[in-house]
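In: Following is a predicted model, sequence given first.
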Amino acid sequence: MNTPDDRLEILFIAAFGSQKVGVFETAALENDSFVPSCADHILLDGGGPTGVVLDETNNRLYVATRLDNSISVIDTLITTEVAHLPIYNPEPANIVDGRSVLYDAYATSGNGEASCSICQVFGDLDSRAWDLGDPDGTQTVNDLLVVDPIVDTGLTDFHPFKGPMTTQTLRGMKTHIAQHWRGDPSVGHFGSDPTNEELSFNNFIVAFEGLLGTDGLIPDTEMFKFTSLMLGVVPLPNPIPPLDNQLMDSGLAGSNVFRKARTTAEDLECNLCHVVAQKRSENLRGPFRRDPSEFTQRCRWCPPIRAGVSFGGQIIDTPWQSPVSRIQRSE
């Protein structure tokens, strides 16, 4: 937008994790003289500003606020919101209620700069590794159970020094029971149960204070809304199989490798830990079997593979692919 004397150009930016629109002079950005200031923010009634439309002739800026599904109207001469208009939203209540807990940095962090979606980008991942060990934390009891005693030779309890771990996707958590790399959210604020994914996700409530800097934990009711939202989110469909979802060629070869039974103690079966259900719509793709009768001992470091496409992209079928690389195509 040009100012009335055409000497300055103004840039409006919607900050999705906030309730604000930023106002910047482009010249200050170009010559690196920009100084951050709250005075350059336009506060909105609704959170999650996304798209903006400028009506320069009438000095109006229209901003879609996704968290409450409304339109904010801003007078650009006084840089102030003058109206906030709700629009129809057909989404279920659990999606509407839980979305703000994922995205709204204004409500879920200590200074309004961060939210869960900073790392879990749109509920997925940022492809980075973080060392989130807590030197003030305490060691907690590990009650995880697994199928294969050969893999585990004596698992210790959960130490607060985790070491670097890559961000995992929040998509497809419904069937993954004890969560995160070590399964340590199975023990926490709401109790302990290595077979309950709802409790494990709820136990992430401590991250709002420990990572995002809130003054204490967020209300339990807000965490329950977040859990209800995310446990209903599923991974994107596999982009490689045909529409009838039948495996062919390299995909079938990869599936056979994945389910291949061991021949020696060192030759482990992928499907033993990364369980694939008989019906592909029920795939667990995670660390642990759901049936307690199949548990024998405890296990660790069993990563979910449901985010393989997010990490590696689509694998092109080439003559030099190994059978293992074909697994991503089939699962």
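Out: Perfect, thanks for sending it.
In: Which residues in stretch 243-257 does the neighbour count mark as buried?
Out: Buried residues in stretch 243-257, counted by 16 or more other CB atoms under 10 Å: 247, 250-251, 253-255, 257. Just so you know, the C-beta spots here come from the backbone N, C-alpha and C atoms, and that holds for glycine as well.
In: What is the nearest of these to residue 207?
Out: residue 254 (35.1 Å; CB to CB).
In: Could you say which helix or strand holds that closest one?
Out: helix 250-258 (DSSP states H and E).
In: Pull that helix out as PDB, backbone CA atoms only.
Out: Only the C-alpha atoms of helix 250-258 are listed here, as PDB (Å, rounded to 0.1, in the frame of the first residue of the first chain):
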ATOM      1  CA  SER A 250       8.500 -52.700  -6.200                       C
ATOM      2  CA  GLY A 251       5.700 -51.900  -3.700                       C
ATOM      3  CA  LEU A 252       4.800 -55.600  -3.400                       C
ATOM      4  CA  ALA A 253       8.500 -56.500  -3.100                       C
ATOM      5  CA  GLY A 254       8.900 -53.900  -0.300                       C
ATOM      6  CA  SER A 255       5.900 -55.300   1.500                       C
ATOM      7  CA  ASN A 256       7.400 -58.800   1.400                       C
ATOM      8  CA  VAL A 257      10.700 -57.500   2.800                       C
ATOM      9  CA  PHE A 258       8.800 -55.700   5.600                       C
END
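In: Just the mean pLDDT for it, thanks.
Out: For helix 250-258, mean pLDDT rounds to 80.
In: Number the residues from 34 up from this point.
Out: New numbering, starting at 34: the last item is helix 283-291.
In: before we move on, back to that, switch the buried residues of stretch 276-290 over to a markdown table; also include distance to residue 121.
Out: Output for the buried residues of stretch 276-290, formatted as a markdown table (distance: CB to CB, whole Å):
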| residue | distance to residue 121 |
| --- | --- |
| 280 | 42 |
| 283 | 46 |
| 284 | 42 |
| 286 | 49 |
| 287 | 45 |
| 288 | 44 |
| 290 | 49 |
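In: which among the residues you listed gets closest to residue 175?
Out: residue 290 (30.7 Å).
In: gap between the closest one and residue 271?
Out: With the distance defined as CB to CB, to the nearest Å, residue 290 ends up 17 Å from residue 271.
In: so what's residue 87 bridging to?
Out: Beta bridges link residue 87 to residue 94, judged by DSSP bridges.
In: wait, it sits on residue 43?
Out: No - between residue 87 and residue 43 there is no contact under CB atoms under 8 Å: 9.5 Å.
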